[in-house]
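Asker: Generate coordinates for the sequence data below:
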Amino acid sequence: MSVSAYVPTRTDPPAQGPPPPRRRPRITGGDLSASITVFLIAVPMSLGLAVAMDAPLEAGLIAAAVGGIVAGLLGGSPFQVSGPSAGLTVVTAELIQRYGWRTTCAITVCAGLVQIALGSLRAARSALAVSPAIVHGTLAGIGVAIALAQLHVVLGGSPGSSAVDNALALPEQIGRIGPEAPLVGALTIAVLMLWPRLPGRTGRALRTIPAALACVVIATGVAAVATPGITRVDLPSWSTHVLPEAPRGAVLPLVAAVLTMTLVAGLESLLSAVAVDKLAGDRARSSGRRRSDLDRELRGQGIANVLSGLLGGLAVSGGAVRGSANVRAGATGRASTVLHGAWVLLAAWLLVPVLEWIPLAALGALVMMVGIQMVSFAHIRNVHKHREFLVYGTTVAGVVVLGVLYGVLIGIAVAVAVALHRLARTRITVEKEDGRHRVRARGQLTFLAVPRLIRVLHQVPEGAICVVELDGSFMDHAAYEALHEWQTAHTARGGTAEFTGRSGGRIAEPATETHACCRPWTPWRNHHCGERPVEERTQQAQGASSAERAGAGAGTDTGRDTGTGTGTGTGQPIGGAPRSSPSPFGPADVRRPSSSQLASGLSSFQRNTAPLVRNELARLAREGQRPSQLFLTCADSRLVTSMITSSGPGDLFTVRNVGNLVPLPGADCGDDSVAAAIEYAVGVLNVESITVCGHSGCGAMQALLNSPPDAAGPATPLRRWLRHGKPSLERMESPSHPWARISGRLPTDAVEQLCLTNVVQQLEHLRAHEAVARRIADGRLELHGMYFHVGEAQAYLLADAAEAGTASGGSEEVFDRVPATAPTVLDGART
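Answerer: Have a look, this model is predicted:
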């Protein structure tokens with residue numbers, strides 16, 4: 001409920017205000033430990049990627065240092081850790097074989113400049129509009145190519161120039177396999193997979209060491225003892241390090257190379273930033289940060305690539321592996337990212353003798369597992385569920401066979417073809433049921449389907465009763481005209497035509513231009529189509545008020561309506577009721593609904609809605625109410641429970657109060673109405689579930705934040721009632737409780753955070769009621785948490801574990817988005 005008028009204005013900065021001044025990163029103990037953890041992951045990963053690309057090994061360390069320091073300071077994602085890109089492994093390897101290492105460095109510089117330009121043009125968010133099937137298919141194809149190439153290294157050989165060559169050469173490589181490299185590679189893979197699963201207290205302590213570091217260290221130690229002659233890392237002297245040179249060759253292939261590197265590095269960085277945002281939700285909130293600035297992140301990545309290329313390093317991008325490790329290790333800001341880059345720089349200078357003990361087979365096995373993990377089965381299931389597997393599979397095949405750029409172009413072409421096919425494919429049938437003809441149209445009705453639509457409609461006999469069932473989300477003008485002309489002709493010949501949706505609900509005629517203001521769920525004050533626009537009424541009211549004041553001084557009547565005349569239309573009040581005398585405080589707010597509007601709305605109900613629901617209400621009057629749900633929500637006028645739950649008469653037993661609060665049993669509140677409603681719903685009506693629904697912009701939560709119940713001030717009824725929200729405020733401030741959040745994004749501000757936390761807390765209050773606890777123990781009652789974002793018209797449901805009260809103390813309380821295609825927990829409503 002909006003009660004913000006009763007409380008002081010918050011002092012938080014507005015969401016769209018100027019960005020706060022940049023301050024020097026503050027180093028905490030968590031940042032220091034996280035930087036060491038990420039450093040221990042980054043060193044073997046950087047060397048392994050350099051080996052996979054056939055680049056100088058020191059180039060991987062340069063990229064890790066530059067990515068950590070430069071992208072960490074200048075990027076827009078404080079928790080993301082940048083370095084050598086696994087996604088660019090295939091692209092960089094091809095460029096090195098084609099142009100040489102020095103020209104590849106120059107291409108990296110050019111790609112960085114393009115990234116800076118795109119970030120300055122604020123194109124980062126638009127880049128994420130590419131179909132997820134194409135993005136994940138590209139990364140999966142790169143992962144397959146990496147795995148095929150590094151499998152040769154693990155087997156003791158050298159990779160070929162392409163994924164196809166590596167696949168064809170695999171039988172020959174297996175035929176001349178040696179024992180040392182495969183054994184070291186197998187040991188590396190075994191440790192990498194088993195290390196996170198070490199049991200017991202000792203295992204918990206060992207798991208603090210990153211698995212990537214542990215597998216390389218163990219493989220290096222075993223190789224030093226068992227196979228001293230195995231091929232190892234060879235770091236050349238820094239004095240022989242080469243810098244970039246100007247690109248040579250045809251312009252178009254070089255431009256294609258720059259664009260490919262820009263595309264892959266940019267997409268990988270942006271996707272990683274979004275993924276790290278989800279992981280770092282609580283920590284970002286506690287430090288006052290919102291989600292990443294993707295345009296700034298793209299510019300920071302571009303600057304890092306320019307500098308890395310100039311220094312002779314690999315291309316840089318953000319990585320979800322390093323970023324997630326940074327968050328889980330306790331990082332609180334970008335200081336950990338910068339420190340990790342400094343540690344890599346020191347290691348490249350001081351630890352060269354130690355790094356040269358690492359076997360190439362161990363690094364090859366590590367990178368091979370990274371490539372395998374890029375083929376995510378979760379993504380495959382997701383694209384299959386959305387019927388995008390053809391796009392995904394084609395993109396993967398294109399990247400593996402033809403390369404990244406051609407694979408992406410093929411994926412885009414297939415995605416466009418699939419979209420056009422779905423748009424054009426419409427199934428139209430006609431059949432006779434119970435003496436009436438039913439025409440079913442499955443799919444989108446466009447001009448392409450009009451000939452088939454007309455052909456099927458002409459199969460309906462003259463004078464017949466016909467129901468046209470439209471099951472699609474789009475109808476263009478040509479299809480509408482065809483349906484309208486057929487309906488007119490069919491009705492003129494004595495037939496009837498009714499249009500319904502798939503569920504059988506009747507579809508009304510489109511509103512005419514005269515009645516354009518009436519739409520379903522338009523605010524009730526706007527359902528007066530014969531009125532003038534609000535702006536016109538406002539101007540006329542102000543003009544009339546000025547004229548009245550002038551006329552009063554002259555002793556004349558300015559057309560004041562007495563209620564008996566016809567009036568001229570300029571002074572007629574809303575709804576046709578007589579206009580009251582001018583207010584002594586100035587002209588009235590003509591936008592405010594009046595009692596005549598309420599009467600007009602009631603008349604509209606009696607005229608339009610009552611005939612449709614009268615039989616159902618008569619049945620409920622005879623049989624009594626038998627709702628399946630108790631719905632407890634806020635009294636805010638913007639929450640229309642029947643609309644957001646698609647429910648009707650007799651479905652929901654609804655309780656509304658300020659802040660959707662549930663007082664604890666025995667609380668000194670002087671108001672037992674909520675407890676009485678719970679007792680009646682559970683004990684008498686035998687509801688099957690109880691839903692607590694919060695909403696965005698709740699004024700009660702705003703009041704709790706700005707003026708806590710125990711603060712000094714008069715004990716007004718509102719303050720006394722809001723005392724029942726104090727446990728929610730304490731839960732949000734308590735470090736022992738994880739913050740409730742929305743899946744996929746951070747809370748926009750502290751008010752939304754408290755709104756989410758309040759839903760979880762009120763569910764706990766419900767469980768404290770004896771009748772509720774008894775029914776839950778018997779398995780006959782379920783509790784659900786719900787959050788409705790008013791501005792987005794989007795519902796979110798609390799995850800099952802949190803709703804049931806079975807989530808552990810450290811687990812997150814996440815509200816999942818309710819998709820438009822899936823049923824909600826309120827699917828018991830009868831509509």
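Asker: From now on I want contacts and neighbour counts done on CA atoms only, so please keep to that.
Answerer: Noted.
Asker: List of residues touching stretch 435-442?
Answerer: Outside stretch 435-442, the residues within contact range by Cα atoms under 8 Å, 6 or more residues apart in numbering are 426-432, 456-457, 460, 464-472.
Asker: Now, of the residues you listed, which are buried?
Answerer: 426, 428-430, 456-457, 460, 464-471 (16 or more other Cα atoms under 10 Å).
Asker: Check for me that residue 82 belongs to a helix.
Answerer: No: secondary structure assignment (DSSP: H, G, I helix; E, B strand; the rest coil) places residue 82 in strand, not in a helix.
Asker: Can you tell me the SS state at the residue lying closest to it once chain neighbours are set aside?
Answerer: Nearest residue to residue 82 in three dimensions, chain neighbours excluded: residue 318, at 4.1 Å (Cα to Cα, 6 or more residues apart in numbering). Using three-state DSSP, the structure places residue 318 in strand.
Asker: I'd like the distance from residue 318 to residue 79, if you could.
Answerer: 10 Å (Cα to Cα, to the nearest Å).
Asker: okay, these two: which has more neighbours?
Answerer: residue 318 (33 against 29; other Cα atoms under 10 Å).
Asker: For residue 54, see how far away that one is.
Answerer: Distance, residue 318 to residue 54, by Cα to Cα: 21 Å.
Asker: what's the next secondary structure element after the lowest-mean-pLDDT helix or strand in the chain?
Answerer: Every helix and strand of the chain was ranked by mean pLDDT, DSSP states H and E. The lowest is helix 534-554, at a mean of 42. Next along the chain after helix 534-554, taking DSSP states H and E as the criterion, comes helix 595-604.
Asker: and the angle from the helix or strand just after that next one to helix 595-604?
Answerer: The C-terminal neighbour of helix 595-604 among helices and strands, as given by DSSP H and E, is helix 610-623. Helix 610-623 runs at 80 degrees relative to helix 595-604, counting by axes from the mean of the first three to the mean of the last three Cα atoms, to 10 degrees.
Asker: Please work out which residues outside helix 610-623 touch it.
Answerer: Residues contacting helix 610-623 (Cα under 8 Å, 6+ apart): 649, 650.
Asker: Output the helix or strand just after it as PDB, nothing but the C-alphas.
Answerer: Counting by DSSP H and E, the next helix or strand C-terminal to helix 610-623 is strand 629-634. Provided in PDB are the C-alpha atoms of strand 629-634 (Å, rounded to 0.1, in the frame of the first residue of the first chain):
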ATOM      1  CA  GLN A 629      -6.600 -20.500  -1.600                       C
ATOM      2  CA  LEU A 630      -6.100 -18.000   1.200                       C
ATOM      3  CA  PHE A 631      -4.500 -15.000  -0.500                       C
ATOM      4  CA  LEU A 632      -2.900 -12.500   1.900                       C
ATOM      5  CA  THR A 633      -1.600  -9.300   0.200                       C
ATOM      6  CA  CYS A 634      -1.200  -5.600   0.700                       C
END
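Asker: How far does the helix or strand just after strand 629-634 sit from its chain's centre?
Answerer: Going down the chain from strand 629-634, the next helix or strand is helix 641-644, by DSSP H and E. The chain centroid and the centroid of helix 641-644 are separated by 23 Å under Cα atoms, centre = their mean, to the nearest Å.
Asker: so the helix or strand just after helix 641-644 versus strand 629-634, what angle?
Answerer: As assigned by DSSP H and E, the chain's next helix or strand after helix 641-644 is strand 652-657. Inter-element angle recorded for strand 652-657 and strand 629-634: 20 degrees (by the same axes, to 10 degrees).
Asker: How far off centre is strand 652-657?
Answerer: The answer for strand 652-657 is 30 Å, by Cα atoms, centre = their mean.
Asker: I'd like to know which elements it is packed against.
Answerer: If contacts are counted by 3 or more Cα pairs under 8 Å, 6 or more residues apart in numbering; DSSP states H and E, strand 652-657 sits against strand 629-634, helix 673-683.
Asker: Tell me which residues of the last one come out buried.
Answerer: This means helix 673-683. For helix 673-683, burial by neighbour count (16+ other Cα under 10 Å) applies to 674, 675, 677, 678, 679, 681, 682.
Asker: now swap in the shortest one and tell me
Answerer: By neighbour count, and taking 16+ other Cα under 10 Å as the criterion, the buried residues in strand 629-634 are 629, 630, 631, 632, 633, 634.
Asker: and the most centrally placed residue in the chain, helix, strand or coil?
Answerer: Centroid-nearest residue in the chain: residue 744, 4.1 Å away (criterion: Cα atoms, centre = their mean). With three-state DSSP as the basis, residue 744 sits in coil.
Asker: Who's the closest spatial neighbour of it, skipping the chain neighbours?
Answerer: Nearest to residue 744 is residue 278, by Cα to Cα, 6+ apart, at 5.8 Å.
Asker: wait, is residue 430 part of a strand?
Answerer: Yes: counting by three-state DSSP, residue 430 is located in a strand.
Asker: Contacts only, for it.
Answerer: Per Cα under 8 Å, 6+ apart, neighbours of residue 430: 437, 438, 439, 440, 456, 457, 459, 460.
Asker: Cross those residues against strands and list the overlap.
Answerer: Counting by DSSP state E, the contacts of residue 430 place 437, 438, 439, 440 in strands.
Asker: Could you count how many residues lie near the third one?
Answerer: Neighbourhood size, residue 439 [other Cα under 10 Å]: 22.
Asker: Likewise for the second one?
Answerer: Other residues lying near residue 438 total 22 when counted by other Cα under 10 Å.
Asker: Now it: closest residue in space, sequence neighbours ignored.
Answerer: Closest residue to residue 438 apart from its sequence neighbours, by Cα to Cα, 6+ apart: residue 467 at 4.8 Å.
Asker: Could you give the secondary structure assignment for that neighbour?
Answerer: strand.
Asker: Identify the residues contacting it.
Answerer: 436, 437, 438, 439, 497, 498, 499, 500.
Asker: Which of those residues sits closest to residue 212?
Answerer: residue 500 (59.2 Å; Cα to Cα).
Asker: All the strands of the stretch 301-450 of the chain, residue numbers only.
Answerer: Using DSSP state E, counting those that start in this stretch, the strands of the stretch 301-450 of the chain run over 316-319, 427-433, 436-442.
Asker: An error on my part: the question was meant for the stretch 101-250 of the chain.
Answerer: Going by DSSP E, counting those that start in this stretch, the stretch 101-250 of the chain shows no strands.
Asker: Next: the stretch 701-831 of the chain.
Answerer: Under DSSP E, counting those that start in this stretch, the stretch 701-831 of the chain gives strands at 741-742, 782-789, 794-798, 814-817.
Asker: and of the ones you listed, who's closest to residue 271?
Answerer: strand 741-742 (18.5 Å).
Asker: Give me the residues contacting that closest one.
Answerer: For strand 741-742, the surrounding residues in contact (Cα under 8 Å, 6+ apart) are 281, 747, 753, 756, 796, 812, 813, 814, 815, 816, 817.
Asker: at 10 Å what do you get?
Answerer: 278, 281-282, 747, 752-757, 787, 796-798, 812-817 (Cα atoms under 10 Å, 6 or more residues apart in numbering).
Asker: returning to what we had before: quick one: the residue nearest to residue 744 from residue 746, how far?
Answerer: 7 Å.
Asker: count of neighbours near the nearest residue to residue 235 once chain neighbours are set aside?
Answerer: Closest residue in space to residue 235, ignoring its immediate chain neighbours: residue 57 at 6.1 Å, by Cα to Cα, 6+ apart. Neighbourhood size, residue 57 [other Cα under 10 Å]: 22.
Asker: on that earlier part again, would you list the strands of the stretch 701-831 of the chain in CSV and tack on distance to residue 618?
Answerer: Formatted as CSV, the strands of the stretch 701-831 of the chain follow (distance: least, Cα to Cα, whole Å):
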stretch, distance to residue 618
strand 741-742, 42
strand 782-789, 30
strand 794-798, 32
strand 814-817, 37
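Asker: okay if I get the ones you listed as TSV plus mean neighbour count, distance to residue 133 and mean pLDDT?
Answerer: What follows is these, written out as TSV (neighbours: other Cα atoms under 10 Å; distance: least, Cα to Cα, whole Å; pLDDT from 0 to 100):
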stretch	mean neighbour count	distance to residue 133	mean pLDDT
strand 741-742	23	24	86
strand 782-789	22	28	94
strand 794-798	21	24	91
strand 814-817	20	20	87
